[in-house]
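Student: got a predicted structure plus its sequence, pasted below:
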Amino acid sequence: MAGTKGVPRADREEQILAAATDVFGATGFAATSVAEVAARAGISKPLVYAYFGSKEGLFTACLHRAGDILADEMERVAAGGAVGLERALLTLEGLFAVLEPQPSTWRLFFDPTLPRDQAVTEELARYTDRITRLAEQGVGEMMRLAGNDDPRDVSAMVRVWMSIVDALVGWWLDHPDETPATMTDRCVRLFGAALSADLSGLSVR
């Protein structure tokens, strides 16, 4: 087992969170044991508790890390100025890229065995609020470009868009032989086919 001395706290926390994300993502919260996470991280079980206090605290920290990884990438794309379908495809491209090193990150947000814990609930709400605001902004721009600013249409399309993102990322996770590049190409083809539009001029793969 790896020693614990001489490792900066931030590095040790990242090591634990990366291991915990893989375990939680693979087996779900209920079936995951702190001992299993500790073994995956190569440290002692008491050290996990010393850093995170409880299994719920560890899961909350994993959610915080995962939410920042995903929402930060979406915000980066939003700040780039792309609009409409170009922004949508760039967002997907970015998500595939940041998820490639640890795809289990995505599964944390869809765990049916999540604990009824206030900190977990608040962390999920924080992430959901961030991505919903981004979706509302991007979808609203796309709808206005199409000449539609009806608020209920926009609200409905936001829900559609978020479901599309979940479906595409979920499909990708079920097909690990697909690279971020091939998935981006596939999304361009799928969007083009669905909309009967030539999207080849957009600045994505």
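Tutor: Everything's here; your move.

Student: so D129 is in which element?
Tutor: helix 118-145 (DSSP states H and E).

Student: mind listing what's buried in that helix?
Tutor: 119-120, 123-124, 127, 130-131, 134-135, 138-143 (16 or more other C-beta atoms under 10 Å). Using the backbone N, CA and C atoms, a C-beta is placed for each residue, glycine as well.

Student: again with stretch 82-90
Tutor: Quick answer for stretch 82-90 (16+ other C-beta under 10 Å): 82, 84-90.

Student: inside helices: which ones of those residues?
Tutor: 84-90 (DSSP state H).

Student: got CSV for those, with pLDDT too?
Tutor: Output for these, formatted as CSV (pLDDT from 0 to 100):
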residue, pLDDT
G84, 91
L85, 91
E86, 94
R87, 95
A88, 95
L89, 96
L90, 97
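
Student: next one: the closest residue to A41 other than its chain neighbours from L145, what distance?
Tutor: With C-beta to C-beta, 6 or more residues apart in numbering as the criterion, A41 has its nearest non-adjacent residue at 3.8 Å, and that residue is A19. Applying C-beta to C-beta, to the nearest Å, the value for A19 to L145 is 44 Å.

Student: if we can go back for a sec, save the ones in helices among the buried residues of stretch 82-90 as CSV, and put in distance to S196 too.
Tutor: Shown next, in CSV, are those (distance: C-beta to C-beta, whole Å):
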residue, distance to S196
G84, 16
L85, 13
E86, 17
R87, 20
A88, 16
L89, 16
L90, 21
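
Student: of those, which is the nearest to D68?
Tutor: Nearest to D68 among those, counting by C-beta to C-beta, is L90 at 19.2 Å.

Student: wait, the closest one sits on R76?
Tutor: No - with contact defined as C-beta atoms under 8 Å, L90 does not count as touching R76 (9.5 Å).

Student: pLDDT weak spots in this structure?
Tutor: Scanning the chain with the threshold set as pLDDT under 70 gives 1-5, 197-200, 205.

Student: all helices for it, in order.
Tutor: 9-27, 34-41, 45-52, 55-79, 84-99, 104-107, 118-145, 151-174, 180-195.

Student: so which of those is nearest G201?
Tutor: helix 84-99 (9.2 Å).

Student: please export the C-alpha coordinates of that closest one as CSV.
Tutor: C-alpha atoms of helix 84-99 as CSV (Å, rounded to 0.1, in the frame of the first residue of the first chain):
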residue,chain,number,x,y,z
GLY,A,84,-27.1,28.0,-32.3
LEU,A,85,-26.1,24.6,-33.6
GLU,A,86,-22.5,25.5,-33.6
ARG,A,87,-22.5,26.1,-29.9
ALA,A,88,-24.5,22.9,-29.3
LEU,A,89,-22.0,20.8,-31.2
LEU,A,90,-19.0,22.5,-29.6
THR,A,91,-20.6,21.8,-26.2
LEU,A,92,-20.9,18.1,-27.0
GLU,A,93,-17.3,18.0,-28.4
GLY,A,94,-16.1,19.6,-25.2
LEU,A,95,-18.0,17.2,-22.9
PHE,A,96,-16.6,14.2,-24.8
ALA,A,97,-13.1,15.5,-24.4
VAL,A,98,-13.3,16.3,-20.6
LEU,A,99,-15.0,13.0,-19.9
